[in-house]
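>>> Have a look; sequence and predicted model below, questions after that.
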Amino acid sequence: CLWSMLWLWKLLESIGKKISYFTPYPIAKSLQFVPHREEIQTTFDYGIYDILLFVDFTGYDRIKSFTQKHEAYFDKNTLIIIDHHLGDHPATTDLILKDPSASSNCEWIYEHVTWRRPEKITPEIATYLYLGLTTDSGNFMYESNSIRIMHNALWLIQAGADKKRVLQNIFYRNNLEMIQFGTTVIQRAQQAW
């Protein structure tokens with residue numbers, strides 16, 4: 001979700017949109033290397049927005065600290081969801097862009113942006129999307145990884161994704177946060193198998 005948000009941030013910023021970003025959970029200390037993470041808020045403001053855009057999202061229960069007792073606020077606003085998970089979405093959703101065959105939300109976002117607006121894939125955006133592919137695929141070690149994700153990873157590197165920085169900060173650091181992150185990756189890999 002974080003990588004999808006940061007990609008969207010830079011894309012919308014590049015076309016002059018004013019945006020706010022929220023996630024119900026604080027950004028992990030192990031991700032301190034990620035630019036702009038400090039601008040993502042963990043308390044939703046229930047303000048007036050033209051569109052509410054949810055990324056990597058299956059339902060209100062995933063962000064219940066925002067939605068619990070506030071379902072009416074979300075139900076009355078224009079809601080767009082970009083997702084790759086199976087599962088139900090709020091019935092009031094205005095538009096769902098979804099591909100459950102994608103290994104990562106970032107994977108199919110990349111495919112659609114390069115199809116429509118390839119000039120928008122800057123090295124910074126490519127790095128955010130590559131981070132999403134890397135973390136969702138267990139650094140491409142899951143048995144379920146497909147040729148599709150490998151092709152997309154290659155194309156993102158060719159578009160300027162900083163693979164070295166991603167690997168050094170996500171997989172090669174030996175601090176406690178990274179060990180905990182590695183444990184999560186291994187648990188997900190076991191579930192995938």
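Perfect, thanks for sending it.

>>> Skip the chain neighbours and tell me the closest residue to S146.
In space, S146 comes closest to S103 once its chain neighbours are excluded; the distance is 6.6 Å by C-beta to C-beta, 6 or more residues apart in numbering. Placement of C-beta: from N, CA and C, glycine included.

>>> got the contact list for that neighbour?
Contact analysis of S103 by C-beta atoms under 8 Å, 6 or more residues apart in numbering lists H84, L133, D136, S137, Y142, S144, N145, S146, R148, I149.

>>> These in helices, which ones?
Per DSSP state H, helices hold the following members of the contacts of S103: L133, D136, R148, I149.

>>> Adding neighbour count, write the contacts of S103 out as TSV.
Converted to TSV, the contacts of S103 look like this (neighbours: other C-beta atoms under 10 Å):
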residue	neighbour count
H84	23
L133	26
D136	23
S137	23
Y142	19
S144	11
N145	19
S146	14
R148	14
I149	21
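
>>> Report the lowest-confidence entry in these.
Across these, the smallest pLDDT goes to N145, namely 69.

>>> which SS state does the residue nearest to S146 fall under?
Counting by DSSP: H, G, I helix; E, B strand; the rest coil, the backbone at S103 sits in coil.

>>> next one: phi and psi at it?
phi -70, psi -20 (degrees, to the nearest 10).

>>> roughly how far apart are it and D45?
Using C-beta to C-beta, to the nearest Å, we find S103 at a distance of 33 Å from D45.

>>> Next: I51.
In terms of C-beta to C-beta, I51 sits 15 Å off from D45.

>>> quick one, which of these two is more surrounded?
Per other C-beta atoms under 10 Å, whichever of I51 and D45 has more neighbours is I51, with 12 against 9.

>>> I'd say that one and T78 touch.
Yes. Counting by C-beta atoms under 8 Å, T78 is a contact partner of I51 at 4.9 Å.

>>> ok, back up a step: make a markdown table from the contacts of S103 and add distance to L6 to it.
Below are the contacts of S103 laid out as a markdown table (distance: C-beta to C-beta, whole Å):
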| residue | distance to L6 |
| --- | --- |
| H84 | 17 |
| L133 | 14 |
| D136 | 14 |
| S137 | 18 |
| Y142 | 23 |
| S144 | 25 |
| N145 | 22 |
| S146 | 24 |
| R148 | 22 |
| I149 | 19 |
